[in-house]
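Asks: Sequence first, predicted coordinates after that:
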Amino acid sequence: MSGHSKFANIKHKKEKNDAAKGKIFTVIGREIAVAVKEGGADPSNNSKLRDVIAKAKANNMPNDTIERGIKKAAGDVGSVNYEKVTYEGYGPNGVAIIVDALTDNRNRTASNVRSAFTKGNGSIGTTGCVSFMFDQKGQIIIDKEECEMDADELMMIVLDAGADDFNEEDDCFEIYTDPDAFSTVRENLEKEGIPMASAEVTMVPQTWVELTDADAIKYLNKTLDLLDDDDDVQAVYHNWSE
């Protein structure tokens, strides 16, 4: 995984602008609503909700906003029901792209996602056309500036916590887990007081595609920016080696 750290992207997205912060709050708000509807409003009995709350705090979402979202989802029987949909397709030079969305209107979301691919000279494919090129894993990113432990000490704690893999990058440590073990590992690290810049179940590419053509890079960035700006889109995964 060396050389493909997501940490720089994560920091960039966090610091991008207030609009980006508003978008991530919208994304997390929908995840809270889904988690509450699936497992109840008590985090102690709902590991998925605990994970979303941890993600919210990592993105500096205020506690009262988190609590309001939980209460709204728990108390409002007539609230919007979000449906999870996934799209797969190709960007320039065959870059593989997976888009996860939570939507209350499949037609709107499908149209917007298709438009984002088309405007970036890409195309939507059929289900499964690129997902076989990714592995689903829990991924935890630790900022070196926020963690005082040395790599060996941290690695022992991480592996004891149940993680599968530990990598050191220039600016961060990357931890990978089985998706089913993610919540347990994250909570074990939380108990150890280890600060996490990011913690999520994600799609990790098995191979990476390098782009050297300026137009290809421009068009791929256009697709990714349009998807990032869409409130229905929860996450975008790709195998472009930026």
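Replies: Thanks, I have the structure now. Bear in mind that the values here come from a model prediction, so they are computed numbers and not experimental data.
Asks: From the recorded domain assignment, give the ranges for the chain.
Replies: Domain assignment of the chain by automatic domain parsing yields the ranges 7-75, 83-132+206-238, 134-204.
Asks: can you redo those as CSV with mean pLDDT?
Replies: CSV is the format used below for the domains of the chain (pLDDT from 0 to 100):
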stretch, mean pLDDT
domain 7-75, 82
domain 83-132+206-238, 95
domain 134-204, 92
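Asks: where do the strands sit along the protein?
Replies: Counting by DSSP state E, residue ranges of the strands within the chain are 83-90, 96-103, 123-124, 134-143, 165-168, 172-177, 198-205, 233-238.
Asks: Among the ones you listed, which comes closest to Asn46?
Replies: Across the strands of the chain, Asn46 has its closest neighbour in strand 198-205 (15.5 Å, Cβ to Cβ). Every C-beta, even on glycine, is put in place using the N, C-alpha and C of the backbone.
Asks: Can you pull out the residues in contact with that closest one?
Replies: The contact list for strand 198-205 (Cβ atoms under 8 Å, 6 or more residues apart in numbering) reads 1, 6-7, 10, 51, 54-55, 58, 96, 98, 131, 133-141, 176, 179, 182, 186, 235, 237-239.
Asks: Please apply the same query to stretch 30-42.
Replies: In contact with stretch 30-42 (Cβ under 8 Å, 6+ apart) are residues 45-49, 51-53, 55-56, 66, 69-74, 79-82, 84, 102, 234.
Asks: Can I get that stretch as CSV, trimmed to CA atoms?
Replies: Extracted C-alpha coordinates of stretch 30-42, given in CSV (Å, rounded to 0.1, in the frame of the first residue of the first chain):
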residue,chain,number,x,y,z
ARG,A,30,-28.0,10.1,6.8
GLU,A,31,-25.8,7.4,8.2
ILE,A,32,-27.0,8.2,11.7
ALA,A,33,-30.7,7.9,10.5
VAL,A,34,-30.0,4.5,8.8
ALA,A,35,-28.1,3.2,11.8
VAL,A,36,-30.8,4.2,14.3
LYS,A,37,-33.6,2.7,12.1
GLU,A,38,-31.7,-0.6,11.7
GLY,A,39,-30.4,-1.0,15.3
GLY,A,40,-32.1,1.5,17.6
ALA,A,41,-31.1,4.8,19.2
ASP,A,42,-28.9,3.4,22.1
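Asks: Lys137 is in contact with Glu174, correct?
Replies: No. Between Glu174 and Lys137 there is no contact under Cβ atoms under 8 Å: 10.3 Å.
Asks: burial count for Asp42?
Replies: Asp42: 12 surrounding residues under other Cβ atoms under 10 Å.
Asks: Equivalent analysis for Tyr82, please.
Replies: Residues near Tyr82, counting by other Cβ under 10 Å: 17.
Asks: next one: the one 5 residues further on
Replies: Counted with other Cβ under 10 Å, the neighbours of Tyr87 add up to 21.
Asks: I'd like the numbering to begin with 3 instead of 1 from here.
Replies: Got it, the first residue is 3 from now on, which makes the last one we talked about Tyr89.
Asks: How about the contacts made by the closest residue to it other than its chain neighbours?
Replies: Distances taken as Cβ to Cβ, 6 or more residues apart in numbering place Val101 nearest to Tyr89, at 4.4 Å, with adjacent residues excluded. Applying Cβ under 8 Å, 6+ apart to Val101 gives the contacts 88-91, 115, 229, 235, 237-238.
Asks: circling back to that earlier point, can you tell me which of the contacts of strand 200-207 are buried?
Replies: Buried subset of the contacts of strand 200-207 (neighbour count, 16 or more other Cβ atoms under 10 Å): 8-9, 12, 53, 56-57, 60, 98, 100, 133, 135-136, 139-143, 178, 184, 188, 237, 239-241.
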